[in-house]
Structure formats: structure tokens, C-alpha cells
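Peer 1: sequence-free structure coming up:
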């Protein structure tokens, strides 16, 4: 093979490599195909402003929530997180008198002991009025607020993470009493299971080049109206 | 006499066999024949934070009917959304009696009012399910209930 042929072959090889690289880049970015090898990201904590009226509590969210239902909670006298799941319409959640709690989380300090589903069957539920509980928490300085994560009822990110024992995925209790996941990138094997299976979309897909923010975060109005009053 | 009894027995046997055949074929058609092994302990019913009765999904798979009504007691939506999904969905506004969504609207409940769902189609309940997996964990014979829900979530049909 003469020198010219070798040069041509080298150029062809280079062109093929470039074409393959461009094709892979387009497939990943344009078609949005999921590949193993991307890091998970966690949505920032959602903020809210509370308005207390005689017949309802209105919660105005700082941004669109990740899913159409959001967790509204308040802590009771026994330091249990009592929770109701409410729908979000126009970044607004309303709690009415008579809204019964859905489940409660028994806490040992900031650690979760267990949880209890309150509505076991229709008509056979232990009723905790969330409207009264949130008002009581507001007046007595106890923690109350909103969260997007369903922990500890949903632990799917912890269940599927192959290196959960190394603390790559943790769900912490924030100072304001809500649960929010935390990802430590170091040690993450990038298997993608956590963001593939997080149905509350609190954990989402990111990549090494830039964080791929979910659409609802792009619509963020910017500064939150105020932090919650916990 | 004996011949008559034999005929009656044969008829009964054929009816039972036909019933079993229809039941099995429905479960197979839905793509979840293992749903027939559920022995209705209803432990899963006590595990859903949204108050959805996961056993309803089993029944839906057994009958190959995604429109089967299932209990879903903690799902709260606006009345107009309930009507949009299914006007016959059973809802309750505040402490009023349980009625169909279209009846609630006729009774004067505002379309923007928040109602609590009591019963809805299995396919609609699946669309609200957060797939937390609690029903799976509660099942004593580890039936993969979430597979049925995920299937219904996709297009509201059983695809197996």
C-alpha cells in the first residue's frame, strides 16, 4: 500500500469516527434516549406561601410541582409527621376543613421509625383533620409544610440503588421537617435506576456536560414568594 | 334414574368447565394469568397511600376489563377533571353523600370544587398511582402487582 492510500484510509477512518460520534451525540440529545452512564439530579426544595382563612388554607407554590399531587404535612404533639396528598392546580394547593390525613410517619427524633396508612378501607379510617392540624402547628410553632418526595411510603430509589449502603442515595429530614433525597455523586455507578423509577420525579436524569433540568423547573418563576413559616 | 343423574352431572361439569375456561382465557388474554393465583387476602388494600385498592387491579386483570371500578379513597381532584375522566366516577364533595361526578355537577357543586374520589375505572386509578411499590411489598405471595399498574398506565389497556 503506497503512502497516498494510507493517508486516504486514515482520512476515511477519521471521517467515520466523526460521523459515529455525531450520530451518538444526536441520538442521546435529540431523540432523548436513555443510556446508562448518566448521573441523577435532585430537584431543588419547593417553597410555598401559606394563607390561613376561616374555611381553607391556601398554599401558593414557588414553582410547578414535579407531579400533579403534592404531600402536605404537619407534625403533631407526638412528633409524628401527618400527611395528606393534595392535587396541585395552577401552583396552588387548598386544604379544607374535614380533609382527612392519608398516612402518618412515626419519628424517633429526625429518624423514621415506621409509617401507618390511615385509610385502611373506605369508611374504616382513623380520621385526623389536616385543616385543624396545620392550623394548630402554625399557631404552636410546630413544623408543617409541603414536600414532593413520598418517603418513607415510597423507598424505591433506596431499594434499587446497588450502592445504597455507601450512602449514594439518602433521604434526609430537612430542618423544616420535610423529607428530600440527596445524591452523592462520588461512588454513584450511574446505573440510572433511581431516576428511571422515581415516579414523583424528584430524582431526574442529568449528565456530565450539563444538568438536564425537567421542564417544570424551566418554567420556574424565579424567586420563591417566601419560604414556609416553619 | 341413574342415566338421568349422569346427564345432570355431565351438564354441571360442562357448565363448571366452561366457566373455568372463560375465567382462565380472560386472565390469559389480559397477559397476567398469574393474577388468578391471588387468594384475596386484601393485605395490599391496607398499603396504598392513595387509598387505591390494588386488589381491584387483580380483578381487572382476571376479567380482562380495564374499565372495572376499583376503590380509590384518597384521590382528590377537581370536579371538572373527574367529569372529563369519567362522568360516572363516584365522588364525594366535603361531607355530602357519595354520588356520580355528573350528578354532583347537576346538584350544583362548582366545577372547580375539589372532590374526593371513591370509585373509578382501574385504568384511571392506575394513572394516579405513584408506583411506590407498597402493594408489592404487602403481598404475602409476592405477586408483581405493579406490572399490571404499569401496563394500564401506558395506554389504559392490557397488553401483557
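Peer 2: Structure's in. What do you need? Keep in mind that this is a model prediction, so the values were computed, not measured.
Peer 1: ok, now which ones touch the closest residue to residue B:129 other than its chain neighbours?
Peer 2: For residue B:129, ignoring the flanking residues on the chain, the nearest one in space by C-beta to C-beta, 6 or more residues apart in numbering or on different chains is residue B:149 at 5.0 Å. C-betas here are computed from N, CA, C, even on glycine. In this structure, residue B:149 makes contact with B:54, B:57, B:126, B:129, B:131, judged by C-beta atoms under 8 Å, 6 or more residues apart in numbering or on different chains.
Peer 1: which one among those gets closest to residue A:15?
Peer 2: The closest of these to residue A:15 turns out to be residue B:131 (C-beta to C-beta; 45.6 Å).
Peer 1: so who does the closest one touch?
Peer 2: Under the criterion of C-beta under 8 Å, 6+ apart, the contact partners of residue B:131 comprise A:156, A:197, A:199, B:146, B:149-150, B:153.
Peer 1: now do it, the pLDDT please.
Peer 2: Looking at residue B:131, its pLDDT reads 86.
Peer 1: let me know the helix or strand that it is in.
Peer 2: With the criterion set as DSSP states H and E, no secondary-structure element contains residue B:131; it sits in neither a helix nor a strand.
Peer 1: okay if I get the contacts of residue B:131 as TSV plus secondary structure, distance to residue B:47 and pLDDT?
Peer 2: As requested, the contacts of residue B:131 are arranged in TSV below (DSSP: H, G, I helix; E, B strand; the rest coil; distance: C-beta to C-beta, whole Å; pLDDT from 0 to 100):
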residue	secondary structure	distance to residue B:47	pLDDT
A:156	helix	14	89
A:197	helix	18	87
A:199	coil	16	84
B:146	helix	12	89
B:149	helix	13	92
B:150	helix	17	90
B:153	helix	18	87
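Peer 1: determine which two of those are furthest apart.
Peer 2: A:156 and B:153 (14.9 Å).
Peer 1: those two: who's more crowded?
Peer 2: A side-by-side neighbour count of residue A:156 and residue B:153, using other C-beta atoms under 10 Å in any protein chain shown, places residue A:156 first with 23 against 17.
Peer 1: name every strand pairing with the helix or strand hosting residue A:50 and say which way it goes.
Peer 2: Residue A:50 belongs to strand A:48-52 when elements are defined using DSSP H and E. According to DSSP bridges, the neighbouring strands of strand A:48-52, each with its direction, are strand A:57-61 (antiparallel).
Peer 1: state the mean pLDDT of the partner strand.
Peer 2: Mean predicted confidence for strand A:57-61 is 94.
Peer 1: show me what contacts residue B:139?
Peer 2: B:43-44, B:145.
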